[in-house]
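Undergrad: 3D model of this:
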Amino acid sequence: MNDTIVALATAQGISAIAVIRLSGKDSIGLVQKVFSGKKLEDQASHTLHFGMLRDGDKVIDEVLISLFKEPNSFTKENSVEISCHGSPVIVKEIIKVLLKNGARLAEPGEFTKRAFLNGRFDLAQAEAVADLINAETDNARQAALNQMRGGFSKEIDRLREELIHFASLIELELDFGEEDVEFAKRDDLKALILKIQSYLHLLIESFDQGNVIKNGIPTVIAGKPNAGKSTLLNTLLNEERAIVSDIPGTTRDTIEDEMVLGGINFRFIDTAGLRETQDVIEAIGVERTREQMRKASLIIYLFDLATASLTE
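TA: Here you go, the predicted model:
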């Protein structure tokens, strides 16, 4: 926790700009060693400063330094963000010179870990940071943002208060049960239990809904060979994602792709046709189809009306 950590905060690859983040008690002084410009330690928090980043006499890049002084930063430590040109060579050189001057590479998720350990947020909010970064739909973004801002934590705190209140009443009743003193009416205790049960039920339901928003709905397209499963997948995605053929058993493995409908991410899974077969490879595909059907939240089962019977 006393080390100054550094990592690339933006995605790998070529881009217009890249952001390199440092955090730790000595992060501002460390950057000052390689920065030609204003004296950073004398500047106010949440300010930007233009200058050159150097390795000795060698100029690496023109950069913009963002200062965040403790405790007013993401990690509640002194933090610096270096905005440089997004060449992988430049990024590599900047991180290299920072490591040479005393920083170390951050472990995966270490900035968020430090924020949690320093009391910036609780575990539910820390988890929401990753969810917000990986959100693929607007609904997922809104849910993660609400959780990161403490929405779920407030609900848990409220439930905890109700449980403590109930436990306190029960303890009083047990301690003074023989003294003919009633601290709470039985009907009030029953009402409190029902209230807590109802609240727990709502939280459980919200988990199922949140899981759909976060991970999407696995939707299996199933049916017999040549029922039109691959054609449906291609039509939904508006591209030739799966091979379509008149030959039964063309699809022998699962083919997956995603599509957002009504703000919900659907993961469509095209599968091998369901039938008895002596072909070893096709039989493996059929078994995978059955496995996907067992795990699916939604199954679209197709029938070819030209060949299907009314009782099928």
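Undergrad: For this structure, name the helix or strand with the lowest mean pLDDT.
TA: helix 138-148 (a mean of 67; mean pLDDT, DSSP states H and E).
Undergrad: Pretty sure residue 279 is one of the things residue 286 touches, is it not?
TA: No. Using Cβ atoms under 8 Å, residue 286 is not in contact with residue 279, being 9.4 Å away. All C-beta atoms are positioned from the backbone trio N, CA, C, and that covers glycine.
Undergrad: neighbour-wise, which of these two wins?
TA: Taking neighbours as other Cβ atoms under 10 Å, residue 286 and residue 279 compare with residue 286 leading, 20 against 11.
Undergrad: can I assume that one sits in a helix?
TA: Yes. Assessed with DSSP: H, G, I helix; E, B strand; the rest coil, residue 286 lies in a helix.
Undergrad: Mind pulling up the pLDDT for it?
TA: Per-residue confidence (pLDDT) for residue 286: 83.
Undergrad: May I have the residues that are in contact with it?
TA: Contacts of residue 286 were listed using Cβ atoms under 8 Å, 6 or more residues apart in numbering, and they are 272, 273, 274, 275, 277.
Undergrad: Strands of this structure, start to end?
TA: Using DSSP state E, the strands of the chain run over 5-8, 15-23, 35-36, 47-55, 58-68, 79-86, 104-105, 217-223, 255-261, 264-270, 298-302.
Undergrad: Dump the last one to CSV, keeping only the CA atoms.
TA: What follows is the C-alpha trace of strand 298-302 in CSV, where atoms were taken according to Å, rounded to 0.1, in the frame of the first residue of the first chain:
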residue,chain,number,x,y,z
LEU,A,298,-35.1,-19.0,-23.6
ILE,A,299,-35.5,-21.7,-26.3
ILE,A,300,-36.7,-20.9,-29.8
TYR,A,301,-37.8,-24.3,-31.2
LEU,A,302,-38.4,-24.4,-34.9
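Undergrad: Would you check that residue 66 makes contact with residue 74?
TA: No. Counting by Cβ under 8 Å, residue 66 stays clear of residue 74, with 11.4 Å between them.
Undergrad: Please tabulate the contacts of residue 286 in CSV, including the columns pLDDT, neighbour count and distance to residue 85.
TA: Output for those, formatted as CSV (pLDDT from 0 to 100; neighbours: other Cβ atoms under 10 Å; distance: Cβ to Cβ, whole Å):
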residue, pLDDT, neighbour count, distance to residue 85
272, 82, 27, 49
273, 80, 23, 53
274, 81, 18, 55
275, 81, 12, 58
277, 75, 17, 58
